[in-house]
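J.: Here is a sequence with its predicted model. Questions after.
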Number of protein chains: 4
Amino acid sequence: MEVGFLGLGIMGKAMSINLLRHGFKVTVWNRTFSKCNELVEHGASVGETPAAVVKKCKYTIAMLSDPSAALSVVFDKDGVLEHINGRCYIDMSTVDADTSSKISEAINAKGGYFLEAPVSGSKKPAEDGQLIILAAGDKALYDEVLPVFDVLGKKSFFLGEVGNGAKMKLVVNMIMGSMMNAFSEGLTLAERSGLSPETLLDVLDLGAMSNGMFKLKGPAMLKNSYPPAFPLKHQQKDMRLALALGDENAVSMPVSAAANEAFKKARSMGLGDLDFSAVHETLKAPDHSS
Amino acid sequence: MEVGFLGLGIMGKAMSINLLRHGFKVTVWNRTFSKCNELVEHGASVGETPAAVVKKCKYTIAMLSDPSAALSVVFDKDGVLEHINGRCYIDMSTVDADTSSKISEAINAKGGYFLEAPVSGSKKPAEDGQLIILAAGDKALYDEVLPVFDVLGKKSFFLGEVGNGAKMKLVVNMIMGSMMNAFSEGLTLAERSGLSPETLLDVLDLGAMSNGMFKLKGPAMLKNSYPPAFPLKHQQKDMRLALALGDENAVSMPVSAAANEAFKKARSMGLGDLDFSAVHETLKAPDHSS
Amino acid sequence: MEVGFLGLGIMGKAMSINLLRHGFKVTVWNRTFSKCNELVEHGASVGETPAAVVKKCKYTIAMLSDPSAALSVVFDKDGVLEHINGRCYIDMSTVDADTSSKISEAINAKGGYFLEAPVSGSKKPAEDGQLIILAAGDKALYDEVLPVFDVLGKKSFFLGEVGNGAKMKLVVNMIMGSMMNAFSEGLTLAERSGLSPETLLDVLDLGAMSNGMFKLKGPAMLKNSYPPAFPLKHQQKDMRLALALGDENAVSMPVSAAANEAFKKARSMGLGDLDFSAVHETLKAPDHSS
Amino acid sequence: MEVGFLGLGIMGKAMSINLLRHGFKVTVWNRTFSKCNELVEHGASVGETPAAVVKKCKYTIAMLSDPSAALSVVFDKDGVLEHINGRCYIDMSTVDADTSSKISEAINAKGGYFLEAPVSGSKKPAEDGQLIILAAGDKALYDEVLPVFDVLGKKSFFLGEVGNGAKMKLVVNMIMGSMMNAFSEGLTLAERSGLSPETLLDVLDLGAMSNGMFKLKGPAMLKNSYPPAFPLKHQQKDMRLALALGDENAVSMPVSAAANEAFKKARSMGLGDLDFSAVHETLKAPDHSS
C-alpha cells in the first residue's frame, strides 16, 4: 500500500517512519524541505508539493501543526485540492471542527474522499505506534485505511460525521490540560508546605489517581525539565478551541477556563515551545535571591 | 496485639473488621452506640467511653469524620486524655495540621504517645486493606504499629513531624478534587457537543491519563448515580483546608480554587451527602421541560 | 445633513430618533421591515435595502446586533458595497476587530470611506444622547461626522487604526462583566450571611466604589428583575471576544475568564435574552420548596 | 468626652488625630510605643497598657491590624479585660465575625459593653473623617458614641448583632478586590493590544462604571506605583475571610475566588506590603530584556 505523508514535525516524522518500518511505501513532503532527508534515509520518496504527493498516492495522510497549516496545505497553490479527484485524504492534524469541515467540503466538491483522524498521544506513543486514533467522516475510507491505523495506533474509533474526531480530541486534551494543572498545583503546594514532592509522587502512584501522565511528567517537572513532547502553545490552543466548543453549546467550564488562563500565563512567560508541563513554572514564587 | 478503635463510620467499620479478621483483639467505641453491635458480631469488645477504651488498650486508633469530632473524642469528658499516660494514640482521621498538632501536644503533655496517620482511599480500599497510610509524629510508635498498618493498608509512609500526614492527605485530595472537575467538565462537553460520553471513557482509558478513579466513577456519573464512597461535603472541606494551607504559604492555585467553588455550588444544591463525583450535577443545564 | 441608518434594534431606534430630533434627515432600513414604521412617524424616510440607503445618503450609519449581521449588511446582495464608491460608512455595531477590518478593507477597495465607531452605553444613554463613541479608521471622515457624534454621544474618541474602536469596546465591556459578577457575588454573600443586601447597596454607594451601574442595576437585581438593557448573550459574546483578544496577545486574565464562565452558565439556564445582570441568578441556591 | 485609642497604624493615627482636632480628650496606646509621640504633639495623653487606657476612659476605641492583634490587646496580660467592668469598648479593626464574637462575649462576661465598628475606607477617608462605619452589637452604646462616629465618618450604620459589622466589611472588601482585578485585567489587555490605557481610563470615567477607586488608583497603576493606602496582604486576608464566610453558607463565588488567587500570587511575588492595586503586577509579562 502506497501512502503520501504531509508534515514531518515531531509527530509526523515518527508516524511516517513507523509506516516505512511496516512495509508501506511512503512519499513525504514537508514545508521545510530539508526535514525530508532523514525520511529518505529510512526509505521514503519525496514529493515536490502536496499536489504532487496526492497525484502519486491514492491515500495521503497529513499531520500538520495547526489549523492554518492544515488549510494552507489543502487550499494553497500546488495544494491537495489540485489532484484530489478520486483520491483519499486523511487529515490527522488536531484542528477545530470548522477547519475540518471546510477541508472536507472542498475535497468532496472536487471528487475526493475525506477522513479526519486526529490522534491522542504525543511523541512517545507516535514512535511506538501506540496512538489513539479518533476518526470521523467517510466510513468506507475508514475501513480501507485500517491497516494504516493498525500500524500507527493501538486503537482507532470511528466517531461519525466530520468534526466529531476534532471535537473528541479537544475534549480529551482539555481534560489533560486541567489534570496537568491540578497535578502541578499539588506538587507546588507540597513543596512549599515542607513536604517531599517526591513522596507525593509515590503516594499518588499508589492510589486511584495513578496514571501514566503523572508518572512520566512528574519526576521531570520536579527537576524543572520540560522537554517538548507536546508543546505548551499547542496545548493552550486546544484548550482555547475546547472552551470555544463549550461556548457554542453553552457549557460553563470554570476549571478548564482557569487552566487555560494558566497556560496563557505560561505563554506570556515565553514558555510556549516547552512541553505543556511547563505550566508548572507559573506557580513558582519568583527568585529574589539575585 | 490488642487495639482500641474509636469511630465506626464507613471507614472505621471496614478497618476494624479487617483488624478482627487478621486476629487482632479490638475494643470499639462509637458515639452512636448501636453501631457497635455489628462489630460485636465480628468478635469485637465494646468500650463505654473513649477513656475506657484507652485505659484497656495500649494502642488506640481513631477514625473520625472531621476535626471537631477528632477534638471532641480527645478533649471532652471521658475522653482519650484521661487515661493516655503511657499509652499510644493513632489518629487516622483526616484533619487539618492545626487540629493534629493540638491533639499531639495535649497527648504528649499527659505522657502519651501520638501518631497521626490519615489515609488515602475510601470505602473499597478500606474494606480490602488497600489504604495508603500517611503517618507522622512519633517514629518509634510508627515502627511498633507497622503490623496494624500492614493489615489496613498496602503501603504506609512516615512523613516526619506531626502535621505532615494531614498536609499530604490534603494535597492528594486537592488534586483529586480538581481532577474530578476536569473529568466532569470533559464528560459534559462531550455530551452537549453531540459526542458519545461512553466513547470518551473508552478513549481516556486507552491513553496516558487512564486511572482508576475515571474508570470507577465515570460509568456511574453518566447514569447520574453518585453513591457516597467519599461524601462531597468532605471533599469540599479538604479542598478548603488545602487552599488554606496554600494561603499560609502564599501559593496561588487558581484551578483548585475554581474546583472548590464548584464543590461549594454542589453543596448549595443540596448534594453534600452524595459522592464527590456529584459535582457533575453543577454542570448540567436545568431541565426546562416541566 | 442627510444620513442613512441601518438597524433599528433597541440602540439603533433610540439613536435614529435622536438624529431626527436634532434636525438630521434620516433614511432608515431594518431587516424586519415593520420596525421602520415608528421611525417614519418621527419623520424618517425608508430605504428598501442597505444598498438603496447608501445610494441615497453620503453618510450611512449601521447599528447591528453582532458580527454576522454586520457582515451580512455589507456583503450580501443589495448590501452596502454595491453603492459605496465615494460614500461613507460608519459602523457603530460592537464587533471584533477582525470583522471590522474585513468590512473596512472591502469598503476601501470599492472606493468608499470607513469609520468604525462602537459605543459604550446601553438603552438609556442611547435615548439621552449620552453614549461614549469609540471611533477608529478614517480620521478625515471622523472630523466630518463630528456633528452626528455630538448628537448621539457625550464624548467621542478617535483611537487610530481600524480595529482599535472594537478593541476598546471589548475591554470596557470585559471590565463591566467582571464588575457585574463581583457585585452579584457580594449581594448574594450578604443575603445568605444574614445581612441586608439593601444596606449593602447603601454602604457601597457611600464609598470609593460607588458607580452608576451598581446604583441602576442593584435594586432591580434584589427583586430578581432583569429587564434587558444589554442582553446577557451579547455581554457574554463580548467577554468571549475580549478573552480571545487576550489570547492573541498572551494576556492571562483569570478573573474575566471566571466571569465569562458565569455568563455561559446563565446562558445554559436560558437567561441569554435577559439583561446581563441576570448572571445574578447563577449564584442562587435552587429552590427545593416545591 | 474622653476616649481611649488603641493602635496607631496608618488608620488609627489619622482617626485619633481627627478626634483631637474635634476637641475630644484622647489617651492613646500603641504596641510600638514610639508611635505615640506624634499623637502627644497633637495633644494626646499616653496610656502604659491597654488596661491602663480602659481604666482611665469610659470609652475605648481600638483600631488594630488583624484578628490576632485584636485578640491580644483584649486577652493578654494588661489587656482590655482587666478594667472593662462598667466600661465601653468599640473595636473598629477589621476582623472576622468569630474573633469579634469572642471579644464581645469576654467583655460582656466581665461586665463591659461592646460594639464592633469596622470601617470602609482607607488612609485618605480616615484623615478626612469620611469613613463609613459598620457598627453592630450594643445598640445603646452605638447611640452614645454617635458623636465620635460623626467625627470619624461621613455615615454610620447599625447592623444588628455582633459579627454583622465584620461580615458587611468583608463583603464590601471582597467586591473591591474583584473590581480591582477586573480593572487591572482591562488595563493590561488594553496596553498589550496596542490601545492607550490612559484613554481607557478616560472612557471608563465617562460611563456607568465610573467610580472613585478607578480614578484614584488608575493613573498610579499605569506608572507601576502602588503606595500602600490599603496593603495588599490585608486585602487578601479580607478576601480569604469573605470566601470562608461564603463557604459556611454554601455560596459559590468563582470570580472572587479567582481574584483571591491573584492576590495570593502577588503575595508570593513579595508585594504584600504594597497597595492592593499592586495585584496589577501579576498580569505583566516578565521582562526578558535583562
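T.: Structure received.

J.: next one: stretch A:62-77 to chain centre, how far?
T.: Offset of stretch A:62-77 from its chain centre (C-alpha atoms, centre = their mean, to the nearest Å): 14 Å.

J.: If you could redo that for stretch A:117-125, that was the one I meant.
T.: That offset, for stretch A:117-125, works out to 6 Å (C-alpha atoms, centre = their mean).

J.: And that stretch, end to end?
T.: End-to-end distance for stretch A:117-125: 16 Å, by C-alpha to C-alpha, to the nearest Å.

J.: as a whole number, average confidence for that stretch?
T.: What stretch A:117-125 shows for mean pLDDT is 90.

J.: Say whether chain B is contacted by it.
T.: Yes. Stretch A:117-125 lies within reach of chain B by C-beta under 8 Å from any C-beta of the partner chain, at A:Ser120, A:Gly121, A:Pro125. For the C-beta atoms, the positions are set from N, CA and C on the backbone; glycine is no exception.

J.: Restricted to buried residues, select these in PyMOL.
T.: Here is the PyMOL command that picks out the buried ones among the residues of stretch A:117-125 next to chain B, judged by 16 or more other C-beta atoms under 10 Å in any protein chain shown:
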select buried, chain A and resi 120+121+125
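
J.: What residue in the stretch 1-150 of chain A comes nearest to chain D?
T.: A:Ser68 (20.8 Å; C-beta to the nearest C-beta).

J.: longest helix of chain A?
T.: Longest among the helix segments of chain A by residue count, using DSSP state H, is helix A:164-192.

J.: count of residues packed around A:Gln236?
T.: Neighbour count of A:Gln236, defined by other C-beta atoms under 10 Å in any protein chain shown: 25.

J.: you'd agree it is in a helix?
T.: Yes. Counting by DSSP: H, G, I helix; E, B strand; the rest coil, A:Gln236 is part of a helix.

J.: Hmm, it is touching A:Asn260, no?
T.: Yes. Shown here, A:Gln236 and A:Asn260 form a contact pair, counting by C-beta atoms under 8 Å, at 6.7 Å.

J.: Common neighbours of those two, please.
T.: Common contacts of A:Gln236 and A:Asn260 (C-beta atoms under 8 Å, 6 or more residues apart in numbering or on different chains): A:Gly177.

J.: So which bits of the stretch 101-250 of chain A are right by chain C?
T.: A:Gln236, A:Arg240, A:Ala244, A:Gly246, A:Asp247, A:Ala250.

J.: again, 6 Å this time
T.: Residues of the stretch 101-250 of chain A lying close to chain C by C-beta under 6 Å from any C-beta of the partner chain are A:Arg240, A:Asp247, A:Ala250.

J.: So which of those is the closest to chain B?
T.: Taking C-beta to the nearest C-beta as the measure, chain B sits nearest to A:Ala250 out of these, at 6.9 Å.

J.: Checking my notes, that closest one in a helix, right?
T.: No. The assignment for A:Ala250, made by three-state DSSP, is coil rather than a helix.

J.: Next, the contact list for it, please.
T.: C:Lys264, C:Arg267, C:Ser268 (C-beta atoms under 6 Å, 6 or more residues apart in numbering or on different chains).

J.: what does A:Ile133 give?
T.: Counted by C-beta under 6 Å, 6+ apart, A:Ile133 has contacts A:Ala117, A:Val119, A:Phe149, A:Gly153, A:Ser156.

J.: Please identify, among these, the one with the most neighbours.
T.: A:Ala117 (31 neighbours).

J.: Find the nearest non-adjacent residue to that one, please.
T.: A:Ala135 (4.2 Å; C-beta to C-beta, 6 or more residues apart in numbering or on different chains).

J.: Give me the neighbour count for that neighbour.
T.: 27.

J.: next one: the one 5 residues further on
T.: Here the neighbour count serves as a burial measure; for A:Ala140 (other C-beta under 10 Å) it reads 9.

J.: element containing it, please.
T.: helix A:139-144 (DSSP states H and E).

J.: which strands and helices sit next to that helix?
T.: strand A:113-116 (3 or more C-beta pairs under 6 Å, 6 or more residues apart in numbering or on different chains; DSSP states H and E).

J.: switch the cut-off to 10 Å
T.: With contacts taken as 3 or more C-beta pairs under 10 Å, 6 or more residues apart in numbering or on different chains; DSSP states H and E, helix A:139-144 sits against strand A:88-91, strand A:113-116, strand A:131-137, strand A:153-158.

J.: Next, the buried residues of that helix.
T.: A:Leu141, A:Tyr142, A:Glu144.

J.: Centre of the chain to that helix, how far?
T.: On the basis of C-alpha atoms, centre = their mean, helix A:139-144 sits 22 Å off its chain's mean C-alpha point.

J.: what does that helix rub up against?
T.: A:1, A:58-59, A:88-90, A:112-115, A:117, A:133, A:135-136, A:138, A:149, A:156-160 (C-beta atoms under 10 Å, 6 or more residues apart in numbering or on different chains).
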